[in-house]
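K.L.:
Here you go, sequence then predicted model.
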Amino acid sequence: MTSEDWRPSAAIENLRRRADILGTIRRFFAERGVMEVDTQLLSHCAVSDPFIDSIEAAFRPVPDAPAQSLYLQTSPEYAMKRLLAAGSGAIYQLGKVFRNGEVGSRHNPEFSMLEWYRPGFDDADLMDEVADLVAAVLPDFAPQRLSYRALFERELGIDPHHATLGELQRLCREHVDADFDDDSRDTWLNLLMSHVVEPRLQGGVFVHDFPASQSALARVREDAAGVPVAARFELFIDGMEVANGYHELTDACEQARRLQADQRSRGGLGLPQRPLEKRLVGALEAGLPDCAGVALGVDRLVMLALGTRSIRDVIAFPFDLA
């Protein structure tokens, strides 16, 4: 009997549709004068985010030499910001990224990401452009916009910026099996968001003005109520996260502080201490232009276009067949 494990998991017709969508994306940016770039997959430095795990690779100049650790990119963000600081102007990248431990119906450790940066844009401008791009692939796309506060008030009846730690813990335990203690408000907010709020989202929803403590690499500003919030957004379509965008941080000192804070968090969680991308700080010191940037999951966008909930239906060879 001949084994059938050589076959792709996706139907060839699905892969043709995928190819058409990739062409649509490239035409979209060509028409807007955004340059395609192609940065390295291997880096001497790793992502600092404690909740994203880099895949490590061993480089040897000759086979029996000591190994040097390199890291497969989890996002082209750091490299693209170096290009922005060097004067590239508006850029996008469409290619592979890698993340450890991500396998499931919506995840594969090797997946396709679209990332782009727009000098002169803020996060509101970029939400407009994300909506235009998605509509080029999903013609009936008509998203709504909700602040993080408005979403939590609508779905859970609380103001996430002012709720106490105890209130968040009690509410979370009403909905989620969370028999543990944690003194971080973000732990409970993230559980509520991922386990309760996100699954309720129907159609397209841009969620913006996240808590300042969840700013990642975004700027912090005050909202209309005078509360510090992160100038970032996430796009969900039918409860699935599709894109994550920022009005980008340009303060080199603050960037260095956040990288070190991530490293301390990694240490507190017992995670490996990996080399930080100090060249990103150098790029900001040289002058990163005022810009907004976004990362969009291409495989998930194709899944939505094809009406499937499994990533196996839109990539040729997932993890178990690679």
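P.N.:
That came through fine.
K.L.:
list the buried ones in stretch 251-270?
P.N.:
In terms of neighbour count (16 or more other Cβ atoms under 10 Å), stretch 251-270 has its buried residues at Ala252, Glu254, Gln255, Ala256, Arg258, Leu259, Asp262, Gln263, Arg266. (Glycine included, C-beta is placed from N, CA and C.)
K.L.:
Same question for stretch 284-299.
P.N.:
Leu284, Leu288, Pro289, Cys291, Ala292, Gly293, Val294, Ala295, Leu296, Gly297, Val298, Asp299.
K.L.:
Run the chain-centre distance for it.
P.N.:
12 Å (Cα atoms, centre = their mean, to the nearest Å).
K.L.:
any weak-confidence spans in this protein?
P.N.:
1-2 (pLDDT under 70).
K.L.:
quick one, longest helix in it?
P.N.:
helix 12-31 (DSSP state H).
K.L.:
Ala136 belongs to a helix?
P.N.:
Yes - Ala136: assigned to a helix according to DSSP: H, G, I helix; E, B strand; the rest coil.
K.L.:
follow-up on the earlier one: now the longest helix of the chain - C-alpha only, PDB.
P.N.:
Provided in PDB are the C-alpha atoms of helix 12-31 (Å, rounded to 0.1, in the frame of the first residue of the first chain):
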ATOM      1  CA  ILE A  12      -5.300  22.600  -5.000                       C
ATOM      2  CA  GLU A  13      -8.300  24.900  -5.800                       C
ATOM      3  CA  ASN A  14      -7.800  26.400  -2.300                       C
ATOM      4  CA  LEU A  15      -4.200  27.100  -3.100                       C
ATOM      5  CA  ARG A  16      -5.200  28.700  -6.400                       C
ATOM      6  CA  ARG A  17      -7.500  31.000  -4.400                       C
ATOM      7  CA  ARG A  18      -4.700  31.700  -2.000                       C
ATOM      8  CA  ALA A  19      -2.400  32.700  -4.900                       C
ATOM      9  CA  ASP A  20      -5.100  35.000  -6.200                       C
ATOM     10  CA  ILE A  21      -5.400  36.700  -2.700                       C
ATOM     11  CA  LEU A  22      -1.600  37.200  -2.500                       C
ATOM     12  CA  GLY A  23      -1.800  38.800  -5.900                       C
ATOM     13  CA  THR A  24      -4.600  41.100  -4.700                       C
ATOM     14  CA  ILE A  25      -2.500  42.200  -1.700                       C
ATOM     15  CA  ARG A  26       0.500  43.000  -3.800                       C
ATOM     16  CA  ARG A  27      -1.600  45.000  -6.300                       C
ATOM     17  CA  PHE A  28      -3.200  46.900  -3.400                       C
ATOM     18  CA  PHE A  29       0.100  48.200  -2.200                       C
ATOM     19  CA  ALA A  30       1.500  48.800  -5.700                       C
ATOM     20  CA  GLU A  31      -1.400  51.000  -6.500                       C
END
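K.L.:
Report all helices and strands that that helix contacts.
P.N.:
Under the contact criterion of 3 or more Cβ pairs under 8 Å, 6 or more residues apart in numbering; DSSP states H and E, helix 12-31 touches strand 91-98, helix 123-137, helix 298-306.
K.L.:
mind listing the strands for the stretch 101-250 of the chain?
P.N.:
110-119, 144-147, 204-211, 220-222, 228-237, 240-247 (DSSP state E, counting those that start in this stretch).
K.L.:
before we move on, back to that, quick one: which of the buried residues of stretch 284-299 is nearest Val103?
P.N.:
The nearest member of these to Val103, counting by Cβ to Cβ, is Asp299 at 13.0 Å.
K.L.:
Report the contact partners of the closest one.
P.N.:
Asn108, Phe111, Ser112, Ile311, Val314, Ile315 (Cβ atoms under 8 Å, 6 or more residues apart in numbering).
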